[in-house]
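Student: need the 3D shape of this:
(2 chains)
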Amino acid sequence: MVRYYILFDNYEQGLALHDLLDGAGVSNRITPAPAAARGKLCCGMSLLVEADMIDRAREVIQDNNAVYHSIVPMDNQLQAKRDRYC
Amino acid sequence: MIYLDNAATTIHKPPCVVRAVTEALTSLGNASRGAHEGALATNRLVYRTRRKLASFFGCPESEKVIFTCNSTEALNIAICGTLHEGDHVITTVLEHNSVLRPLYRMQNERGVSLGFVPADKQGCIDYADFERMIRPQTRAIVCTHASNLTGNMLDIRRIGRIAKEHKLLFIVDASQTAGAVPIDMVQMGISLLCFTGHKSMMGPQGTGGLCINGDIEIEPLKTGGSGVQSFLTEQPREYPTRLEAGTLNGHGIAGLSAAVDFISQTGIDVIRAHEQELARTFYRLITGIPDIHIYGDHTSDERSPIVALNIADLDSAIVADELAYSYGIATRAGAHCAPLMHKALGTQEQGAVRFSFGFYNTIGECEAAAEALRQIADRRVL
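Tutor: Below is the predicted model:
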């Protein structure tokens, strides 16, 4: 399952977009930026947006001229949490 | 939340620290600015805290305890204030960017040349490398007391002997050890000790200091108001005024003072023993997890209470996120501002997940964190 990580140059940019997405009702959450996605120049935080929300997130970015570094799709490396004794 | 990011900052402070800062916020004036009761209350606090810290770190002269806002500021003063054109400095690959970036800056601006003591795959160094790297132009050794990534501690006394024998300045970054490991500048041969107040000292953020052992000329990083000698066009030359332009963080220093009292009354050995037990317990519980890779030398007791690891090729940020999101466990993923250490360990692409323990953590929290890691390892997409 693909998820999208929005990356930033610094935390201020990330927190600003987080507020904008929350305000527009686009579900997202703050998460550490995956090392594989961020490269050497991005900051340590990212916004994780599920695939069904990424188009709306892009609209919010465009409507508000929000600043970000890049949007990176990544396969989820973990299976959903389950009762391991089932 | 189970907080296991104490190497970044301690989130749980002793109640006496909270009380001290709260009281200070409604009572302190500006130190060295006037002789009224508010200003004098801060003067007395600053004076007593200097003496307390000098005793705590074995700094021979309390007026050479300089208050800073953190280790980074202290390191910048120590490094930029003592190095000159053409100097050579020996440091290590264990260092945090708070050491590396001021050194790189001196390399670019003053032509200072740098030598890096390498580390092996466990993050261990060969002490003989310090002696091998000494040249006629060598002015200083700058190194950390303990790696903020692996937790490996350096034998500061041993390096101090080398520095003394070759008449070198010995600048130590005690960010990870001050408050958790006994430090005596004279016995360890430390020229300049840089510490922060908000980690193992358990004081407020925005506090820290530079302790100077002996007659060392340090040029100030900043100049400005001192409350004394106001008609001088230059910063006064006397310590501590020389290096303390501007209003001190009196409210923070009140908390730092209470934190030193707390550590002294509790016993630094008691604090260290508890933190070591936490790290050892966690290490023991996770060693059997399939495909876990733990970094650092865990055969020695000379360690900071840090366990850094990866699970197979899982991105360290994904693991840290899962720990936080699904289990409420706070750790630190990524590069930890220690680029050369990650290169030495071969983790510059994957990063690492760092668990760092503090005085207020419990064995039960170690067990919960180990179980969470075990479950995450079990959920890898193969």
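Student: nearest spatial neighbour of residue B:112, chain-adjacent residues omitted?
Tutor: residue B:106 (4.0 Å; Cβ to Cβ, 6 or more residues apart in numbering or on different chains). Every C-beta, even on glycine, is put in place using the N, C-alpha and C of the backbone.
Student: that neighbour should be in a helix, yeah?
Tutor: Yes. Judged by DSSP: H, G, I helix; E, B strand; the rest coil, residue B:106 forms part of a helix.
Student: looking at chain B, which residue reaches furthest from the middle?
Tutor: residue B:382 (39.0 Å; Cα atoms, centre = their mean).
Student: contacting residues for that one?
Tutor: By Cβ atoms under 8 Å, 6 or more residues apart in numbering or on different chains, the contact set of residue B:382 is empty.
Student: list the buried ones in stretch B:283-300?
Tutor: Judged by neighbour count using 16 or more other Cβ atoms under 10 Å in any protein chain shown, the buried positions of stretch B:283-300 are B:283, B:285, B:286, B:289, B:293, B:294, B:295, B:296, B:297, B:298.
Student: tell me which residue in chain A sits closest to chain B.
Tutor: Closest residue of chain A to chain B, Cβ to the nearest Cβ: residue A:32 (3.7 Å).
Student: show me what contacts the spatially closest residue to that residue that is not a sequence neighbour?
Tutor: Nearest non-adjacent residue to residue A:32, counting by Cβ to Cβ, 6+ apart: residue B:317, 3.7 Å away. Taking Cβ under 8 Å, 6+ apart, we find residue B:317 in contact with A:31, A:32, A:33, A:34, A:35, B:333, B:334, B:351.
Student: so residue B:45 sits against residue B:254, correct?
Tutor: Yes. Using Cβ atoms under 8 Å, residue B:45 makes contact with residue B:254 at a distance of 5.8 Å.
Student: ok, the two, which is more surrounded?
Tutor: residue B:254 (28 against 22; other Cβ atoms under 10 Å in any protein chain shown).
Student: on the three-state scheme, residue B:308 is what?
Tutor: strand.
Student: what separation do you get for it and residue B:118?
Tutor: 19 Å (Cβ to Cβ, to the nearest Å).
Student: any idea which helix or strand comes after the helix or strand of chain A with the lowest mean pLDDT?
Tutor: Least confident helix or strand, chain A: helix A:35-38 with a mean of 75, by mean pLDDT, DSSP states H and E. Downstream of helix A:35-38, the first helix or strand assigned by DSSP states H and E is strand A:45-50.
Student: got a pLDDT number for the closest residue to residue B:181 other than its chain neighbours?
Tutor: Leaving aside its sequence neighbours, residue B:181 sits nearest to residue B:272 (Cβ to Cβ, 6+ apart; 6.2 Å). Note on residue B:272: pLDDT of 98.
Student: try the one 5 residues further on
Tutor: According to the prediction, residue B:277 has pLDDT 98.
Student: surely it is in contact with residue B:363?
Tutor: Yes. Using Cβ under 8 Å, residue B:277 makes contact with residue B:363 at a distance of 7.5 Å.
Student: for chain B, which residue gets nearest to chain A?
Tutor: For chain B, Cβ to the nearest Cβ, closest residue to chain A: residue B:317, 3.7 Å.
Student: all strands for the stretch 151-300 of chain B, in order.
Tutor: B:169-173, B:192-196, B:208-212, B:292-295 (DSSP state E, counting those that start in this stretch).
Student: and what of chain A?
Tutor: A:2-7, A:29-32, A:45-50, A:70-75 (DSSP state E).
Student: list the contacts of the third one.
Tutor: In this structure, residues lying in contact with strand A:45-50 by Cβ under 8 Å, 6+ apart are A:3-8, A:11, A:14, A:17-18, A:21, A:26-34, A:37-38, A:57, B:321.
Student: try the last one
Tutor: Residues from elsewhere that reach strand A:70-75 (Cβ under 8 Å, 6+ apart): A:1-7, A:34, A:36-38, A:42, A:54, A:58, B:381.
Student: any weak-confidence spans in chain A?
Tutor: A:38-42, A:81-86 (pLDDT under 70).
Student: list the buried residues for the longest helix seen in it?
Tutor: Ranked by residue count and defined by DSSP state H, the top helix of chain A is helix A:11-23. By 16+ other Cβ under 10 Å, the buried positions in helix A:11-23 come out as A:13, A:14, A:17, A:18, A:20, A:21.
Student: same for it, what does it pack against?
Tutor: Contact analysis of helix A:11-23 by 3 or more Cβ pairs under 8 Å, 6 or more residues apart in numbering or on different chains; DSSP states H and E lists strand A:29-32, strand A:45-50, helix A:54-64 as its packing neighbours.
Student: using TSV, lay out these together with mean neighbour count.
Tutor: Putting those into TSV (neighbours: other Cβ atoms under 10 Å in any protein chain shown) gives the following:
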stretch	mean neighbour count
strand A:29-32	18
strand A:45-50	22
helix A:54-64	15
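Student: thinking again about what came up before, okay, and the beta partners of the residue of chain A closest to chain B?
Tutor: residue A:45 (DSSP bridges).
Student: residues contacting it?
Tutor: So residue A:32 contacts A:44, A:45, A:46, B:316, B:317, B:320, B:321, B:333, B:334 (Cβ under 8 Å, 6+ apart).
Student: can you tell me the element the fifth one falls in?
Tutor: Using DSSP H and E, residue B:317 sits in helix B:316-327.
Student: same question for that helix, mean pLDDT?
Tutor: 95.
Student: residues contacting residue 17?
Tutor: Just so you know, I chose chain A. Counting by Cβ under 8 Å, 6+ apart, residue A:17 has contacts A:6, A:8, A:47, A:60, A:61, A:66, A:67, A:68.
Student: meant chain B actually
Tutor: B:202, B:203, B:204, B:255, B:258, B:259, B:262.
Student: I'd assumed residue B:18 was in contact with the last one.
Tutor: Going back to what we said before, that points to residue B:262. No. Applying Cβ under 8 Å as the test, residue B:262 and residue B:18 come out as separate, 11.0 Å apart.
Student: who has more neighbours, these two?
Tutor: residue B:262 (21 against 13).
Student: so what touches the helix or strand where residue B:47 lies?
Tutor: For residue B:47, the element it lies in under DSSP H and E is helix B:37-57. The contact list for helix B:37-57 (Cβ under 8 Å, 6+ apart) reads B:24, B:27-33, B:59-65, B:67, B:178, B:183-185, B:193, B:195, B:209, B:211, B:240, B:248, B:250, B:253-254, B:256-257, B:260-261, B:263-264.
Student: could you flag which of these are buried?
Tutor: B:24, B:28, B:31-33, B:59, B:62, B:64-65, B:67, B:178, B:183, B:185, B:193, B:195, B:209, B:211, B:240, B:248, B:250, B:253-254, B:256-257, B:260-261, B:263.
Student: return the subset of those lying in helices.
Tutor: Using DSSP H, the buried ones among the contacts of helix B:37-57 in helices are B:24, B:185, B:250, B:253, B:254, B:256, B:257, B:260, B:261, B:263.
Student: max pairwise distance over these: which two?
Tutor: Maximum pairwise distance in these, criterion Cβ to Cβ, is 27.6 Å, between B:24 and B:185.
Student: spatially central residue for chain B, please.
Tutor: residue B:175 (0.4 Å).
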